[in-house]
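[1] sequence unavailable; structure follows:
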């Protein structure tokens, strides 16, 4: 929510289930897609109304000026959901809206058709007989930054990594380390945060196909954001015991332009800061192994216990943030917890534990 409130020209910011609603000028569509680190997509509301029959839905949807958003694009896609509403058949809902749109566009000489994964995508949501129709301004989900091509085991999405880094106040620390870095997602996102590099500056968006899109203005706003980037003096270190994972991280670092900024190396977790190389103040953040297969819990608990011992011996005064599927992690590791955030990663319920190592 704080991210949204920080956007230019934004007002009326409201938390909703699974998202945040906000109002702003049309430029806000550009800024939101370029700047938001934790959003998966940005939808622009076109209309909202009550509909309890398909003729009513058809007639009310026909009031929308579809040509302002579809333009001369002929391929259209839909995402439909319905809950606690008389109109509950998503296929029939989609057809009613598409037929109304088709009539409008045919009158303008544009023959539209439904195509899966089309750039122009409309979201139709019914809840308690109330219908909202929005257009997807993002296109590909926003966690696809445009530079990470290599993945390791049990990856974490870029948007999730950013949310956890922001929740950890990562910009407060002179050193940010991930001793189980995998393909480097936490550190790549951390580098962008501390350098004020916005995640959407290296990719394209669906709104670029809209008739209302003004390329010159968009490029001017984008250049302004690029000029606001800084070169942070923080130290970022990533390591992993897996050679494959480290190679993936190095490749992603190179493609993101951070090859000289983030040090990735093949090392065991339990060598981290054992010689006090990185001092007594920093943030350790990692996506720990989940151990979901039968028989793995014993070995995993031993790992968690050893992690706690190592950190209390060599990283006293540091702060940590660990993602784990085991709610018993604090008691097993012996690490104090100041905050915990529960979410689902790859279909697995997990918890992000944070605290100071003492």
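    Happy to help now that I have it. Note that the structure is predicted; figures quoted are calculated from it, not measured.

[2] run a quick neighbour tally on the spatially closest residue to residue 257 that is not a sequence neighbour.
    In this structure, residue 257 finds its nearest non-sequential neighbour in residue 147, 7.8 Å apart by C-beta to C-beta, 6 or more residues apart in numbering. C-beta: built from backbone N, CA, C; applies to glycine. Neighbourhood size, residue 147 [other C-beta atoms under 10 Å]: 18.

[3] tell me the SS of residue 147?
    Under DSSP: H, G, I helix; E, B strand; the rest coil, residue 147 falls in the coil class.

[4] what's the domain layout of this structure?
    Here the domain assignment for the chain is 2-136, 158-200+229-356, based on automatic domain parsing.

[5] okay, how far is it across the first one, tip to tip?
    One end of domain 2-136 sits 22 Å from the other (C-alpha to C-alpha, to the nearest Å).

[6] past the helix or strand where residue 305 lies, which element shows up next along the chain?
    Using DSSP states H and E, residue 305 sits in helix 297-314. Using DSSP H and E, the helix or strand that follows helix 297-314 towards the C-terminus is strand 319-324.

[7] for that following strand, name the packing helices and strands.
    Identification of packing neighbours for strand 319-324 by 3 or more C-beta pairs under 8 Å, 6 or more residues apart in numbering; DSSP states H and E yields helix 158-167, strand 283-287, strand 348-356.

[8] if you set the cut-off to 7 Å instead, what comes out?
    Under the contact definition 3 or more C-beta pairs under 7 Å, 6 or more residues apart in numbering; DSSP states H and E, strand 319-324 sits against strand 283-287, strand 348-356.

[9] now the ones you listed as JSON lines including distance to residue 55?
    Shown next, in JSON lines, are these (distance: least, C-beta to C-beta, whole Å):
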{"stretch": "strand 283-287", "distance to residue 55": "51"}
{"stretch": "strand 348-356", "distance to residue 55": "43"}
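
[10] now render those strands as CSV, adding distance to residue 51 and mean neighbour count.
    Compiled in CSV, the helices and strands packed on strand 319-324 are given as follows (distance: least, C-beta to C-beta, whole Å; neighbours: other C-beta atoms under 10 Å):
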stretch, distance to residue 51, mean neighbour count
strand 283-287, 43, 25
strand 348-356, 36, 17
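
[11] go through the ones you listed and name the closest to residue 256.
    If you check each of those against residue 256 by C-beta to C-beta, strand 283-287 wins as the nearest, at 17.7 Å.

[12] how big is the angle separating that closest one from strand 348-356?
    Counting by axes from the mean of the first three to the mean of the last three C-alpha atoms, to 10 degrees, strand 283-287 lies at 170 degrees to strand 348-356.

[13] what strands flank strand 283-287, and is each parallel or antiparallel?
    Here strand 283-287 is paired, per DSSP bridges, with strand 175-178 (parallel), strand 319-324 (parallel).

[14] so of these, which one's packed in deepest?
    Most buried of the strands paired with strand 283-287, by mean neighbour count (mean count of other C-beta atoms under 10 Å): strand 175-178, with a mean of 25.

[15] and for the closest residue to residue 312 other than its chain neighbours, the neighbour number?
    Closest residue in space to residue 312, ignoring its immediate chain neighbours: residue 357 at 6.1 Å, by C-beta to C-beta, 6+ apart. Using other C-beta under 10 Å, residue 357 has 20 neighbouring residues.

[16] for residue 242, give its distance to residue 86.
    Computed as C-beta to C-beta, to the nearest Å, the residue 242 to residue 86 distance reads 54 Å.

[17] tell me which of those two has more neighbours.
    residue 242 (15 against 12).

[18] now the strands for the protein?
    Assigned by DSSP state E, the chain shows strands spanning 11-16, 19-23, 43-50, 75-83, 113-114, 120-127, 130-136, 175-178, 235-240, 262-266, 283-287, 319-324, 339-345, 348-356.

[19] one step back: so which of the domains of the chain is nearest residue 219?
    Ranking these by proximity to residue 219 (C-beta to C-beta) places domain 2-136 first, at 10.0 Å.

[20] distance from that closest one to the middle of the chain?
    Offset of domain 2-136 from its chain centre (C-alpha atoms, centre = their mean, to the nearest Å): 20 Å.

[21] now stretch 346-355
    Its chain's average C-alpha position is 15 Å from that of stretch 346-355, according to C-alpha atoms, centre = their mean.

[22] which residues sit against it?
    Contacts to stretch 346-355, defined as C-beta atoms under 7 Å, 6 or more residues apart in numbering, come from residues 154, 164, 168, 290, 292, 319-325, 327, 329-330, 335-344.

[23] swap the cut-off to 10 Å and go again
    The contact list for stretch 346-355 (C-beta atoms under 10 Å, 6 or more residues apart in numbering) reads 154-157, 160, 163-164, 167-169, 283, 285, 287-288, 290, 292, 319-327, 329-330, 333, 335-345.

[24] okay then, goodbye and thanks.
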